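>>> Pasting the sequence and the predicted coordinates here, then a few questions.
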Amino acid sequence: MLAATVGLAAGTAVLARHRAEAAADLAALAGAARIAEGEADGCAVARKVAAANGGWVSGCLRSGEDLAVMVSAPVEVVGLGVLAVSARARAGPVDRS
C-alpha cells in the first residue's frame with residue numbers, strides 16, 4: 001500500500017511538472033511574439049497564457065527581444081497537500097549570425 005501511494009504521488013508530481021513546462025514554453029513564446037510585434041510588455045501576455053494553462057508566472061524578465069519566464073503550477077500530493085512545481089522557458093528571435 002505504501003509503495004502504491006508513493007508511486008501515485010511521484011506520478012502526479014511528474015505530470016504537474018510537465019504541465020508547468022508546457023505552460024512556461026507557451027507563455028515565453030507568446031510573450032516573445034508580442035515583443036516582436038512591438039508590444040512593450042511581453043510579461044502581461046505570458047501571465048495570461050500561463051493562467052490559461054493552469055499556472056502562474058512567478059518570474060518574468062525581458063532582455064532585448066528575448067523573454068524568460070518561470071511558471072509555477074499547483075500539484076496535490078497525497079499526504080503532503082497542495083505544492084507548487086516550477087519550470088523555466090526562454091524565447092526570442094533566432095540569432096542568424
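Here it is on my side, so go on. All values reported here derive from a predicted model rather than from experimental measurement.

>>> can we go C-alpha only for contacts and neighbour counts from here?
Noted.

>>> okay, Ser58: pLDDT?
At Ser58, the model reports a pLDDT of 96.

>>> repeat for Ala16
Note for Ala16: predicted pLDDT of 83.

>>> Sketch out the helices for the protein, chain order is fine.
2-36, 42-52 (DSSP state H).

>>> which one of these lies closest to Val75?
Set against Val75 and scored by Cα to Cα, these come closest in helix 2-36, at 5.9 Å.

>>> So which elements touch the closest one?
Helix 2-36 sits against helix 42-52, strand 66-77, strand 81-91, with contacts defined as 3 or more Cα pairs under 8 Å, 6 or more residues apart in numbering; DSSP states H and E.

>>> which stretch among the ones you listed comes nearest His18?
strand 81-91 (8.5 Å).

>>> helices and strands around the closest one, which ones?
If contacts are counted by 3+ Cα pairs under 8 Å, 6+ apart, strand 81-91 sits against helix 2-36, strand 66-77.

>>> give me that answer again for 10 Å
Under the contact criterion of 3 or more Cα pairs under 10 Å, 6 or more residues apart in numbering; DSSP states H and E, strand 81-91 touches helix 2-36, strand 56-63, strand 66-77.

>>> Ala52: how many residues sit nearby?
Using other Cα atoms under 10 Å, the number of residues around Ala52 comes to 12.

>>> surely it meets Ala22?
No. If you go by Cα atoms under 10 Å, Ala52 and Ala22 don't touch, sitting 11.4 Å apart.

>>> what comes up buried for the lowest-mean-pLDDT helix or strand in the chain?
Ranking every helix and strand in the chain by mean pLDDT, DSSP states H and E puts helix 2-36 at the bottom, with a mean of 83. For helix 2-36, burial by neighbour count (16 or more other Cα atoms under 10 Å) applies to 9, 13, 16-17, 19-35.

>>> Relative to Ser58, which of the helices and strands packed on helix 2-36 is closest?
With Cα to Cα, the closest approach to Ser58 among these belongs to strand 66-77: 5.5 Å.

>>> relative to helix 2-36, how tilted is that closest one?
Inter-element angle recorded for strand 66-77 and helix 2-36: 160 degrees (by axes from the mean of the first three to the mean of the last three Cα atoms, to 10 degrees).
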